[in-house]
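Participant: Here you go, sequence then predicted model.
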Amino acid sequence: MAIADAPGGSGWNRINTGRLLENIKVLSSDEYEGRAPASKGEELATAYVEDQFKKVGLKPGNPDGTYFQSVPMVGIHADPGAQLVFSDSVGKRETLKFADDFVAFTRRVQPEINIDADVVFVGYGVVAPEYHWDDFKGVDVKGKVIVVLINDPQVPDPSDPSKLDEKMFKGRAMTYYGRWTYKFEEAAAKGAVACLIVHQTHTAGYPWGVVRSSNTGEQFSLLTADHGMSRCAAEGWITLDKAKALFAMAGKDFDALEKSAATPGFHPVDLGVKASLGLRNTIRNINSKNIVGKLEGSDPQVRNEYVIYTAHWDHLGIGPEVNGDKIYHGAVDNASGVAGLVEVADALGHMQPPPRRSILFLSVTAEEKGLLGSQYYAEHPLYPLAKTLAEINMDGLNVLGRTKDIELVGLGQSTLDDVVKVVAADQGRVVKPDAEPEKGFYFRSDHFNFAKQGVPALDPNSGVEFIGKPEGWGLKMRDQYTSEDYHKPSDKIKPYWDLGGASEDLQLLGEVGYRVANAKAFPVWNAGSEFKAKRK
């Protein structure tokens, strides 16, 4: 369904599902080896996307006359033979196997990391003054290994313990306090030598296999002046089973302490156990690339103001073999988003009248390594962020057919949502909030780095009410993708794909960007948004 009577709507017939599928096919092919940064896959993928940008008429987006922004990073690969050992004062030991029981890495640029330190359980590892919450209670954890729970404190609703308290950490919706990046940052700020997160599938939103596949290979960080020394010596996860074994060794009941951790009166618990971990690291400095194409605005008065579309080109490369396949193809995540970027660029380049402001198409590196490419752009923008009206992210398109709805992760954050609602209504669709707010998707893709810098940012997700499908089918298929294909080699093009929904979503996102590029005023953060102050 096309957008009815929308300004410039005639350009949307440029969106071509055949070309969309072909670009996904190329980018997710065996030849591209999973598109890991600093690999043959990067060379092929970045050259291919550059060529597609040229074909649809985008100009070089870097003011230096190229389509690339260099992103300097350091790659650190820990020896997979590492073991994590917990031991108590009477000689009892619990040995954890790398990948199966734990994963750990370092952001410090050092060939060896050796840790032998006391273990302290600090609940969720959260300090949130606005909720009168402090899991550390002044306890000195400098030089200690801290163990923390994933997600926000799961505070039950006093009137209905089966639900979460909406007044605490937004209830079911994850805040940034629940994100693993926050927990590592807070651990470092407190001087902990290591931070280990207890993985639980129901509160993380993904199974242990995702943790393993994402964190057992080479890990990348942006280059920093202190060579990562301000970070903990080790960051990682342990499985729930091994966490329970650790607590049992300490004579503690994991379930009881987990329940206690969901109360503001929780106090850190010294487990009386030591943790020993040695990491032997292979280190290399690399320059990866963001790919940047530019559609120049038609109005000389505002062409130096910008709307940005993003989609990360990278995936996990070659990793642990699953069912005979070692290539992590990343067809949905995120060859589809990159292919969508090309379609929107082509359509916007043929709109009449053309966009008044300039539009950047930014395909970023190392999203899977911690949103690094978008972080680098947001911290080293090619064009001023103060003159950037909005950022629209595409991380995984709808490949299952048309929907009656579209989801916005973080619905209510900014006035961009109002534009989406108008365009969706023109399509005969409705906008809904994230169906899975507990998974913290707003903090898990590239738009987040722009939001942190104050740029209103959209994180759309596919709808769940699929036309011609029974109620619940959409969420069932989403769960199936998460459990069977997400961050696995099997994320490939499937025979049942229907790109009609992707086409409709791309029309919607393109029209939103077009309207923002032509609007009289900038979008703004709504009252209550944690990003509003940064924009000011």
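Facilitator: Perfect, thanks for sending it.
Participant: residues touching the closest residue to residue 505 other than its chain neighbours, list them.
Facilitator: Distances taken as Cβ to Cβ, 6 or more residues apart in numbering place residue 398 nearest to residue 505, at 5.5 Å, with adjacent residues excluded. Bear in mind the C-beta positions are built from the backbone N, C-alpha and C, glycine included. Applying Cβ atoms under 8 Å, 6 or more residues apart in numbering to residue 398 gives the contacts 462-463, 501-502, 505.
Participant: can you do 10 Å?
Facilitator: Taking Cβ atoms under 10 Å, 6 or more residues apart in numbering as the contact definition, residue 398 lies against 332, 336, 340, 406-407, 460-464, 466, 474, 497-506.
Participant: Among these, name the ones in strands.
Facilitator: 406-407, 460-462 (DSSP state E).
Participant: Can you tell me which of the residues you listed has the most neighbours?
Facilitator: Neighbours here are counted as other Cβ atoms under 10 Å. On that basis the top member of these is residue 406, with 26 neighbours.
Participant: if we can go back for a sec, nearest to residue 416 among the ones in strands among the contacts of residue 398?
Facilitator: Ranking the ones in strands among the contacts of residue 398 by separation from residue 416, with Cβ to Cβ as the measure, puts residue 460 on top at 10.2 Å.
Participant: that older thread, out of the ones in strands among the contacts of residue 398, the closest to residue 122 would be?
Facilitator: Lowest distance from residue 122 to the ones in strands among the contacts of residue 398 (Cβ to Cβ) belongs to residue 461, with 32.4 Å.
Participant: any idea of the pLDDT on the closest one?
Facilitator: We have a pLDDT of 94 for residue 461.
Participant: show me the residues around it that make contact.
Facilitator: Applying Cβ under 10 Å, 6+ apart, we find residue 461 in contact with 395-396, 398, 406-409, 432-436, 441, 445, 478, 505.
Participant: any idea which helix is longest in this structure?
Facilitator: Longest helix of the chain, by residue count under DSSP state H: helix 500-518.
Participant: Can you tell me which helices and strands that one packs against?
Facilitator: Using 3 or more Cβ pairs under 10 Å, 6 or more residues apart in numbering; DSSP states H and E as the contact criterion, the elements in contact with helix 500-518 are helix 17-27, strand 306-310, helix 337-348, strand 358-363, strand 388-393, strand 405-409, helix 416-426, strand 457-462.
Participant: still on that earlier bit, columns distance to residue 113 on top of the ones in strands among the contacts of residue 398, output as JSON lines?
Facilitator: Formatted as JSON lines, these follow (distance: Cβ to Cβ, whole Å):
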{"residue": "406", "distance to residue 113": "45"}
{"residue": "407", "distance to residue 113": "41"}
{"residue": "460", "distance to residue 113": "40"}
{"residue": "461", "distance to residue 113": "38"}
{"residue": "462", "distance to residue 113": "41"}
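Participant: What are the buried residues along the strand of greatest length in the chain?
Facilitator: Counting by DSSP E, the longest strand found in the chain is strand 269-295. Within strand 269-295, the residues scored as buried using 16 or more other Cβ atoms under 10 Å are 269, 271, 273-279, 281, 286, 288-295.
Participant: thinking again about what came up before, in which helix or strand does the residue nearest to residue 505 reside?
Facilitator: Residue 398 is located outside every helix and strand, with elements delineated by DSSP states H and E.
Participant: Please report phi then psi for it.
Facilitator: Here is the backbone geometry of residue 398 (degrees, to the nearest 10): phi -70, psi 110.
Participant: Per-residue pLDDT of it, please?
Facilitator: Among the per-residue scores, residue 398 holds a pLDDT of 98.
Participant: quick one, what contacts residue 402?
Facilitator: By Cβ under 10 Å, 6+ apart, the contact list for residue 402 reads 1, 427, 429, 463, 465-469, 498-505.
Participant: go on, residue 464?
Facilitator: By Cβ under 10 Å, 6+ apart, the neighbours of residue 464 are 398, 400, 403-407, 432, 435-436, 471-478.
Participant: and if we set it to 6 Å?
Facilitator: 435, 474-475 (Cβ atoms under 6 Å, 6 or more residues apart in numbering).
Participant: Likewise for residue 162?
Facilitator: By Cβ under 6 Å, 6+ apart, residue 162 has no neighbours at all.
Participant: State the distance from it to residue 479.
Facilitator: 21 Å (Cβ to Cβ, to the nearest Å).
Participant: likewise residue 226?
Facilitator: Taken as Cβ to Cβ, the spacing of residue 226 relative to residue 479 amounts to 42 Å.
Participant: And the pLDDT at the residue of the chain positioned farthest from its centre?
Facilitator: Note on the chain: the largest C-alpha distance from the chain mean falls to residue 90, namely 42.9 Å (Cα atoms, centre = their mean). You'll see residue 90 listed with a pLDDT of 90.
Participant: Give me the secondary structure label for it.
Facilitator: Taken by DSSP: H, G, I helix; E, B strand; the rest coil, the conformation at residue 90 corresponds to coil.
Participant: Over to it: give its phi and psi.
Facilitator: Here is the backbone geometry of residue 90 (degrees, to the nearest 10): phi -100, psi 10.
Participant: Next: residue 171.
Facilitator: Backbone geometry at residue 171, expressed as degrees, to the nearest 10, gives phi 60, psi -120.
Participant: I figured it hits residue 164, correct?
Facilitator: Yes - here residue 171 lies in contact with residue 164, judged by Cβ atoms under 6 Å, at a distance of 4.5 Å.
Participant: Who has more neighbours out of these two?
Facilitator: Neighbours per residue (other Cβ under 10 Å) separate residue 171 from residue 164, with residue 164 holding more: 21 against 18.
Participant: which regions of this structure sit below the pLDDT cut-off?
Facilitator: 1-10 (pLDDT under 70).
Participant: the helices in it, which residues?
Facilitator: 17-27, 40-55, 180-189, 201-204, 208-215, 240-249, 254-261, 337-348, 372-379, 416-426, 447-452, 473-484, 500-518, 532-535.
Participant: Of those helices, give the one that comes closest to residue 94.
Facilitator: helix 240-249 (5.3 Å).
Participant: list the buried ones in the closest one?
Facilitator: Those would be 240, 242-247, 249, for helix 240-249 by 16+ other Cβ under 10 Å.
Participant: Find the nearest non-adjacent residue to residue 477, please.
Facilitator: Residue 477's closest residue in space is residue 400 (Cβ to Cβ, 6+ apart), at 5.8 Å.
Participant: Specify the beta-bridge partners of that neighbour.
Facilitator: residue 498 (DSSP bridges).
Participant: where does the closest residue to residue 410 other than its chain neighbours sit relative to residue 101, distance-wise?
Facilitator: Spatial nearest neighbour of residue 410, excluding adjacent residues (Cβ to Cβ, 6+ apart): residue 442 at 4.1 Å. Plainly put, residue 442 is 30 Å away from residue 101 if you go by Cβ to Cβ.
Participant: How about residue 135?
Facilitator: Distance of residue 135 to residue 101, given as Cβ to Cβ: 25 Å.
Participant: One more: residue 368?
Facilitator: Note on residue 368: its distance to residue 101, by Cβ to Cβ, is 23 Å.
Participant: For residue 267, which non-adjacent residue is spatially closest?
Facilitator: Using Cβ to Cβ, 6+ apart, the nearest residue to residue 267 is residue 137, at 5.3 Å.
Participant: Pretty sure the one you found sits against residue 269.
Facilitator: No - between residue 137 and residue 269 no contact is recorded; they are 10.9 Å apart, counting by Cβ under 6 Å.
Participant: which residues are in contact with both of these two?
Facilitator: Shared contacts of residue 137 and residue 269, defined by Cβ under 6 Å, 6+ apart, are absent.
Participant: circling back to that earlier point, which of the contacts of residue 398 are buried?
Facilitator: Buried among the contacts of residue 398 by 16+ other Cβ under 10 Å: 332, 336, 340, 406-407, 460-464, 466, 474, 497, 499-506.
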